[in-house]
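1. sequence-free structure coming up:
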């Protein structure tokens with residue numbers, strides 16, 4: 001194994017991290033900005049965060065990506081090319097829909113985009129786990145986060161600057177579609193192959209598809225049955241009380257998951273059933289699942305409404321948020337990624353998870369202090385015009401110092417925490433069921449980011465921004481406790 005092979009694998013991981021991060025912000029931060037500029041209220045923006053639900057359910061169709069192989073291109077490369085081209089098409093569609101004039105169709109297009117993005121993540125995560133040997137996973141996790149954050153800089157920050165300069169969010173989304181087409185070409189031609197990858201499970205393909213269809217039917221029946229029960233109690237799903245609307249969403253999910261799981265077992269969705277069984281049979285599996293849900297909860301709760309907070313709550317312009325959060329933040333993100341990679345070469349996985357998890361938790365105090373002190377509390381400075389080709393500032397821009405400090409802390413610490421977290425997820429996967437195992441684990445890690453979004457929007461309106469960010473800090477403590485409790489098992493994982 002040569003250094004060239006290692007460098008090629010790590011570059012592929014970096015590129016795929018970028019491809020993974022690009023569409024995420026387009027149903028997250030960038031979409032929040034688009035909705036905020038169009039005058040959509042905070043609670044509604046929070047509810048629209050539910051378009052990210054596919055990220056928490058992707059383990060349900062990941063078995064199909066483990067079981068079936070697109071012709072000619074291979075199991076991982078084939079699904080990558082297909083999902084990336086489909087993402088480009090979804091972005092083109094979304095660019096033609098107005099969130100203000102046709103909110104239902106806009107939400108549907110965003111939901112499709114999130115589904116395809118989650119599907120791409122399934123393949124990327126499986127490919128990264130398959131292609132990297134254990135000794136390269138710390139660095140691979142760091143580079144993956146680095147690429148991911150670079151993409152977020154583009155689609156979640158520079159996109160805001162483009163939107164203000166071009167006065168057109170549709171044009172921004174069309175540009176992102178072109179980038180996804182380029183990503184598909186790269187995946188088709190330049191990705192290194194996975195050597196020694198395990199073969200898909202041998203099972204009846206018709207039975208697999210029938211089991212998958214039965215599972216979906218179970219979800220649909222469970223969702224609507226739970227909602228009908230609430231309506232039978234006299235509640236209205238369109239009630240003006242946002243807490244009642246939130247109750248309908250949570251009840252629907254509570255009904256859908258058990259019934260869908262029962263249908264999958266009953267009919268025989270074999271790849272899903274065997275892959276989940278192989279994971280939960282591992283020692284400490286349920287404790288690790290709880291750790292995964294809790295570890296990024298603090299970061300996810302605060303991040304679910306950060307862009308809306310800065311634009312609507314603090315009255316910063318789109319350009320200023322884009323400049324500080326991403327253009328200036330790019331150097332901070334690079335520093336965080338490099339620090340994480342360097343530190344993980346010198347400390348074990350347990351210590352990295354504890355240290356980086358603590359730092360990402362306390363970084364939320366920056367947004368709390370910003371909400372408490374207000375815009376201009378630390379003064380500011382003038383950023384002179386520049387033109388980097390792909391982004392330009394035509395006139396001097398006023399930049400708030402406290403905004404820079406808060407976002408600097410978030411960018412560095414969140415990237416460090418995610419680097420260690422990715423290394424943990426890779427260590428927990430079996431190579432035979434890589435796509436399904438990683439999809440399950442990363443789906444659970446997205447629970448906080450997706451399902452706290454509607455709750456976060458209602459809470460922010462009810463208790464105010466300072467209390468909201470204090471709650472975000474407190475939510476980091478359970479994750480750190482679970483890391484400490486599982487310290488022996490985590491150290492053992494890093495050695496395998």
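-> Nice, thanks for sending it over. The structure presented is a predicted model; accordingly, all values stated were derived computationally and were not measured. Numbering: from 1, shown residues only.
2. so who does the residue nearest to residue 237 when sequence neighbours are not counted touch?
-> The shortest distance from residue 237 to any non-neighbouring residue, by CB to CB, 6 or more residues apart in numbering, is to residue 248 (4.5 Å). Where C-beta positions appear, they are placed from N, C-alpha and C, glycine not excepted. Residues in contact with residue 248 (CB atoms under 8 Å, 6 or more residues apart in numbering) are 227, 230, 235, 237.
3. mind redoing it with 10 Å?
-> Counting by CB atoms under 10 Å, 6 or more residues apart in numbering, residue 248 touches 223, 226-227, 230-231, 235-239.
4. residue 253 too?
-> Residue 253 neighbours (CB under 10 Å, 6+ apart): 50, 53, 56-57, 219, 222-223, 226, 451.
5. all strands of the stretch 301-450 of the chain, in order?
-> With DSSP state E, counting those that start in this stretch as the criterion, the stretch 301-450 of the chain has strands at 380-383, 386-387, 392-393, 397-400.
6. could the ones you listed go into JSON lines alongside distance to residue 328 and mean pLDDT?
-> Output for the strands of the stretch 301-450 of the chain, formatted as JSON lines (distance: least, CB to CB, whole Å; pLDDT from 0 to 100):
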{"stretch": "strand 380-383", "distance to residue 328": "8", "mean pLDDT": "82"}
{"stretch": "strand 386-387", "distance to residue 328": "12", "mean pLDDT": "72"}
{"stretch": "strand 392-393", "distance to residue 328": "11", "mean pLDDT": "69"}
{"stretch": "strand 397-400", "distance to residue 328": "8", "mean pLDDT": "83"}
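7. which one of those lies nearest to residue 340?
-> Closest approach to residue 340 among the strands of the stretch 301-450 of the chain (CB to CB): strand 397-400, 26.3 Å.
8. mind listing what's buried in that closest one?
-> 397, 399-400 (16 or more other CB atoms under 10 Å).
9. again, but for stretch 89-105
-> 90-92, 94-95, 97, 99, 103.
10. tally up the residues packed near the nearest residue to residue 249 once chain neighbours are set aside, please.
-> Nearest non-adjacent residue to residue 249, counting by CB to CB, 6+ apart: residue 454, 6.3 Å away. Using other CB atoms under 10 Å, residue 454 has 24 neighbouring residues.
11. spit out the contact partners of residue 116.
-> 23, 54, 82-91, 180.
12. and of those residues, the nearest to residue 172?
-> residue 91 (9.6 Å).
13. which element is the closest one on?
-> Element membership for residue 91, per DSSP states H and E: helix 75-95.
14. helices and strands around that helix, which ones?
-> Using 3 or more CB pairs under 10 Å, 6 or more residues apart in numbering; DSSP states H and E, the elements in contact with helix 75-95 are helix 3-26, helix 62-67, helix 103-131, helix 169-189, helix 434-445.
15. got those helices as TSV, with mean pLDDT columns?
-> Formatted as TSV, those follow (pLDDT from 0 to 100):
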stretch	mean pLDDT
helix 3-26	86
helix 62-67	78
helix 103-131	87
helix 169-189	92
helix 434-445	75
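16. and these as TSV, adding distance to residue 381?
-> As requested, those are arranged in TSV below (distance: least, CB to CB, whole Å):
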stretch	distance to residue 381
helix 3-26	26
helix 62-67	47
helix 103-131	36
helix 169-189	27
helix 434-445	37
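17. I'd like to know which of the ones you listed is closest to residue 210.
-> Among the helices and strands packed on helix 75-95, helix 62-67 sits nearest to residue 210 (CB to CB), with 12.2 Å.
18. identify the farthest-apart pair in the buried residues of stretch 89-105.
-> 92 and 103 (19.4 Å).
19. what distance do you get for residue 87 to residue 120?
-> For residue 87, the distance to residue 120 equals 6 Å [CB to CB, to the nearest Å].
20. got the contact list for stretch 206-218?
-> 60-61, 63-64, 67-68, 201, 203-204, 255-273.
21. correction: stretch 455-463
-> 41-49, 241-243, 245-246, 249-250, 300-305, 308-309, 312-313, 371, 448, 452, 467-472.
22. what's the answer for stretch 255-265, then?
-> By CB under 10 Å, 6+ apart, stretch 255-265 touches 57, 60, 63, 211-230, 269-270, 272-273, 276.
23. if we can go back for a sec, most surrounded residue in the contacts of residue 116?
-> residue 23 (30 neighbours).
24. isn't it right up against residue 180?
-> Yes. The criterion here is CB atoms under 10 Å, and residue 23 meets it with residue 180 at 7.2 Å.
25. any shared contact partners between these two?
-> Going by CB under 10 Å, 6+ apart, residues that sit against residue 23 and also against residue 180 are 83-84, 87-88, 90-91, 116-117, 120.
26. before we move on, back to that, just the ones of the contacts of residue 253 in helices?
-> Using DSSP state H, the members of those that fall in helices are 56-57, 219, 222-223, 226, 451.
27. with pLDDT, neighbour count and distance to residue 76 as extra columns, can I get those in a markdown table?
-> As requested, the ones in helices among the contacts of residue 253 are exported to a markdown table (pLDDT from 0 to 100; neighbours: other CB atoms under 10 Å; distance: CB to CB, whole Å):
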| residue | pLDDT | neighbour count | distance to residue 76 |
| --- | --- | --- | --- |
| 56 | 74 | 20 | 22 |
| 57 | 78 | 20 | 21 |
| 219 | 84 | 23 | 27 |
| 222 | 89 | 22 | 32 |
| 223 | 86 | 21 | 32 |
| 226 | 88 | 19 | 37 |
| 451 | 66 | 20 | 29 |
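28. in TSV, list those along with distance to residue 109.
-> Shown next, in TSV, are the ones in helices among the contacts of residue 253 (distance: CB to CB, whole Å):
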residue	distance to residue 109
56	19
57	18
219	21
222	25
223	21
226	26
451	21
